[in-house]
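Participant: have a look at this prediction, sequence included:
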Amino acid sequence: MSQSLTALPSWHALEQHRQSMHAQHLRELFAADPERGRRFTAEGAGLYLDYSKNLITDETITLLIRLAEECGLAKRRAAMFAGEIINRSEGRAAFHCALRAPAGAVMHTGGENVVPQVQEVLARMGAFVDKVHDGRWSGATGQRLRHVVNIGIGGSYLGPEMAWRALRNFRHADMDVRFIANIDGAQFLDVTVDLDPAETLFIISSKTFTTLETMTNAHAARAWVVAKLGEAAVARHFVAVSTNTEAVRAFGMDPEHIFGFWDWVGGRYSMDSAIGLSTMLAVGPRHFAELLAGFRAMDEHFQTAPLARNLPVLLGLLSVWYNNFFGAQTQAILPYAHDLARLPAYLQQLQMESNGKGVDETGQPVAVDTGPIIWGEPGTDGQHSFYQLIHQGTRLIPCDLIGFCQPLSPLQNQHDLLMANLFAQAEALAFGKGATDLRAEGAAEAQIPFRVCPGNRPSNLLLADALSPATLGAIIALYEHSVFTQGVIWGIDSFDQWGVELGKILAQRVVADIQDGGKSLRHDSSTNTLLQRYLQRREGS
Ligand SMILES: O=P(O)(O)OC[C@H]1O[C@H](O)[C@H](O)[C@@H](O)[C@@H]1O
């Protein structure tokens, strides 16, 4: 696939078209077409995308759509929604869209309609959440469980933490949710410092239930609860979310307290599965259902909107455009919403673990660059930190700017000020400020080279009415399907993650070395020396 990608007629045409874009500036493109800011827009699932401030013309979009067609995007999309084994290296479907299918829908994978199982788990989650909220499920001493600690990492953490913050305005009164992911004891101690075990519920979230960090923290939590409340308290204070029910049982947990999901849900695609139990505890079953409805609305848009008006397709193709035809190595996610502070971290895993691949689906080395580096911070914080490089540095950094028309946390006129910054940044990136304007304003001649902002820096602007559960679901599904679109173009498996395994295996070996005091170090000279120094100094002086 990857060899033939660069041989596709559309790829070739895009390369030539890219040459013709050298002389184009967004200032001229906008001047030449007064409708540009209205034409290069698309809407779906409650999201409005303005992609007019990209380095594109009509021809760019035509060619990118042709590329998607030549790469078989529609067929691949149909295969994903049909539950086919599209994660070939792991022999699995990538069927996360079934997690948000409406009750009564029929979605088969492996010859089975999975919707009833999905609905059954959702119903059990809902019943459990209701019991915790109304106190029918209390701690071992009969006290209300007011604190929830989700122990999990990667896909079993980033989505729930992002959603906990994003849905701050929808939280159930007096439910506090916290997260322990890192194996560093600092996080465990920090999160639990002011907690009373009698009021704390732990959710052990792990798809595999073998992840070192999660298992280690789960045992620490168990010991912490048992020390204060005794062994019998474990059943009231621990529940698990996993696909590996055997391992959960071996951990000593009652099968009744396990919320399952399935191997066709990738970790980074699982925040809308039972991995979202902490989210449901935070916002309640009704808001969780709205979140799922938002995902579903974007699934429907992705399946039915024409490619040229299809939000995930456009975002995905624009990423390919900059990644492969402009050599852009990174992409910034800049939410103008403090509540989306963890969205960049969430999208880092979603995009970089999915598309950070060097071979195609057949195992052949890819011929072009794949997944870009994703990073970002909320605006306006970033403006006072790294935007300098975006505006005047030497690198091209396509930006996704995300904002909301209605403030859920109104405070004086601060939302207007926030949104003014969002619109102004997109404008400044695109149009910059030239020497002529600076001179007209009387800028000192010696300063002009330093003050010129070249502009022509691309951005997407994503606008929604309010950061509701449904909007959040739509935004996440938008990026899921954008990642999928990119993966289809590059011909890679976006649903495996073999690259993370080596470090895990080596860590186990190093643990053994540390435990035997470094008696038989068999690493390279650097690792051996580092381990010796660590072993000598770890007790302090
Ligand atoms: O949910 P778990 O099985 O504990 O996995 C947690 C995370 O760890 C792995 O190393 C993978 O890189 C992630 O994709 C996964 O989300």
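Facilitator: Structure received.

Participant: going by C-alpha atoms from here, please, whenever you check contacts or count neighbours.
Facilitator: Fine.

Participant: and the residue lying closest to Leu422 once chain neighbours are set aside, what does it touch?
Facilitator: Leaving aside its chain neighbours, Leu422 sits nearest to Tyr336 (6.5 Å; criterion: Cα to Cα, 6 or more residues apart in numbering). Counting by Cα atoms under 8 Å, 6 or more residues apart in numbering, Tyr336 touches 378-380, 401-404, 418-419, 422.

Participant: likewise Thr279?
Facilitator: Thr279 sits next to 160, 163-164, 288 when contact means Cα under 8 Å, 6+ apart.

Participant: any idea of the mean pLDDT in the helix or strand where it lies?
Facilitator: With elements delineated by DSSP states H and E, Thr279 resides in helix 277-304, which encompasses its position. Taken as a whole, helix 277-304 has a mean pLDDT of 98.

Participant: how about it and the ligand, touching?
Facilitator: No: Helix 277-304 stays clear of the ligand (Cα under 6 Å from any ligand atom), getting no nearer than 13.5 Å.

Participant: could you look up the SS state of the residue of the stretch 1-150 of the chain found nearest the ligand?
Facilitator: The minimum distance from the stretch 1-150 of the chain to the ligand, using Cα to the nearest ligand atom, falls at Asn150 (11.8 Å). Recorded secondary structure, Asn150: strand (DSSP: H, G, I helix; E, B strand; the rest coil).

Participant: and it, what are its bridge partners?
Facilitator: Phe179, Ile203 (DSSP bridges).

Participant: can you list the residues of the protein near the ligand?
Facilitator: Going by Cα under 6 Å from any ligand atom, the residues of the chain near the ligand are 153-156, 206-209, 211, 267-268, 500.

Participant: contacting residues for Gly154?
Facilitator: The contact partners of Gly154, by Cα under 8 Å, 6+ apart, come to 181, 267-268, 349.

Participant: remind me which helix or strand the residue nearest to the spatial centre of the chain belongs to.
Facilitator: By Cα atoms, centre = their mean, the chain has its centre lying nearest to Leu347, at 2.6 Å. Of the helices and strands defined by DSSP H and E, Leu347 is found in helix 343-348.

Participant: what is that helix packed up against?
Facilitator: Contacts defined by 3 or more Cα pairs under 8 Å, 6 or more residues apart in numbering; DSSP states H and E place helix 343-348 against helix 158-166, strand 330-335, strand 373-375.

Participant: list the contacts of Gly83.
Facilitator: Counting by Cα under 8 Å, 6+ apart, Gly83 has contacts 93-95, 107-110.

Participant: 7 Å instead?
Facilitator: For Gly83, the contact set (Cα atoms under 7 Å, 6 or more residues apart in numbering) comprises 93-95, 108-109.

Participant: inside strands: which ones of these?
Facilitator: Counting by DSSP state E, the part of the contacts of Gly83 found in strands is 108-109.

Participant: put together TSV for the contacts of Gly83, with pLDDT and neighbour count on each row.
Facilitator: Below are these laid out as TSV (pLDDT from 0 to 100; neighbours: other Cα atoms under 10 Å):
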residue	pLDDT	neighbour count
Ala93	98	23
Ala94	98	26
Phe95	98	26
His108	98	16
Thr109	98	19
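
Participant: let me have the contacts of Gly83 in a markdown table, extended by distance to Asp194.
Facilitator: Output for the contacts of Gly83, formatted as a markdown table (distance: Cα to Cα, whole Å):
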| residue | distance to Asp194 |
| --- | --- |
| Ala93 | 43 |
| Ala94 | 40 |
| Phe95 | 40 |
| His108 | 46 |
| Thr109 | 45 |
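
Participant: of all the contacts of Gly154, which comes closest to the ligand?
Facilitator: Nearest to the ligand out of the contacts of Gly154 is Gly267 (Cα to the nearest ligand atom; 4.1 Å).

Participant: am I right that Asn460 falls within a strand?
Facilitator: Yes: counting by three-state DSSP, one finds Asn460 located in a strand.

Participant: ok, it touching Leu401?
Facilitator: Yes: if you go by Cα atoms under 7 Å, Asn460 and Leu401 touch, sitting 6.1 Å apart.

Participant: check which element follows the strand or helix carrying Gly403 along the chain.
Facilitator: If you go by DSSP H and E, Gly403 is part of strand 399-404. The first helix or strand that comes after strand 399-404 along the chain, using DSSP H and E, is helix 414-431.

Participant: relative to the ligand, how far out is Leu408?
Facilitator: Per Cα to the nearest ligand atom, to the nearest Å, Leu408 is found 31 Å from the ligand.

Participant: just Gln412 next, same as before
Facilitator: Gln412 is 40 Å from the ligand, where distance means Cα to the nearest ligand atom.

Participant: mind listing what that residue touches?
Facilitator: Neighbours of Gln412 in contact, by Cα under 7 Å, 6+ apart: none.

Participant: just the closest of the contacts of Tyr336 to the ligand, please.
Facilitator: Pro378 (23.7 Å).

Participant: list the contacts for the residue lying closest to the closest one once chain neighbours are set aside?
Facilitator: Distance criterion Cα to Cα, 6+ apart; nearest residue to Pro378, sequence neighbours excluded, is Pro335 at 4.8 Å. For Pro335, the contact set (Cα under 7 Å, 6+ apart) comprises 378-379, 401-403.

Participant: out of those, who's nearest Asp58?
Facilitator: Leu401 (22.0 Å; Cα to Cα).

Participant: in the sheet, who's paired with that closest one?
Facilitator: Going by DSSP bridges, Leu401 forms beta bridges with Leu334, Leu461.

Participant: number of nearby residues for it?
Facilitator: Leu401 has 23 neighbours, counted by other Cα atoms under 10 Å.

Participant: quick one: contacts for it?
Facilitator: Shown in contact with Leu401 (Cα under 7 Å, 6+ apart): 333-336, 459-462.

Participant: report pLDDT for Ser541.
Facilitator: With respect to pLDDT, Ser541 scores 61.

Participant: can you pull out the strands in the stretch 51-200 of the chain?
Facilitator: Assigned by DSSP state E, counting those that start in this stretch, the strands in the stretch 51-200 of the chain fall at 108-109, 112-113, 147-151, 176-180, 200-205.

Participant: other SSEs contacting the second one?
Facilitator: For strand 112-113, not one helix or strand is in contact under the criterion 3 or more Cα pairs under 7 Å, 6 or more residues apart in numbering; DSSP states H and E.

Participant: note down every partner strand of it and its orientation.
Facilitator: Within its sheet, strand 112-113 is paired with strand 108-109 (antiparallel), according to DSSP bridges.

Participant: what ranges in the protein fall below the confidence cut-off?
Facilitator: For the chain, the stretches with pLDDT under 70 are 1-3, 541.

Participant: give me the domain ranges for it.
Facilitator: Using the TED database, the domain ranges for the chain come out as 34-68+314-466, 103-283, 500-539.

Participant: in JSON lines, list those along with distance to Arg77.
Facilitator: As requested, these are exported to JSON lines (distance: least, Cα to Cα, whole Å):
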{"stretch": "domain 34-68+314-466", "distance to Arg77": "11"}
{"stretch": "domain 103-283", "distance to Arg77": "14"}
{"stretch": "domain 500-539", "distance to Arg77": "26"}
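
Participant: quick check: which of the ones you listed is nearest to Pro9?
Facilitator: Of those, nearest to Pro9 by Cα to Cα is domain 34-68+314-466, at 8.2 Å.

Participant: could you tell me the end-to-end distance of the closest one?
Facilitator: Using Cα to Cα, to the nearest Å, the end-to-end distance of domain 34-68+314-466 comes out at 29 Å.

Participant: now swap in stretch 405-425 and tell me
Facilitator: End-to-end distance for stretch 405-425: 16 Å, by Cα to Cα.

Participant: give the buried residues for that stretch.
Facilitator: Neighbour counts using 16 or more other Cα atoms under 10 Å place 407-408, 415, 418-419, 421-422, 425 of stretch 405-425 among the buried residues.

Participant: alright, calling it a day.
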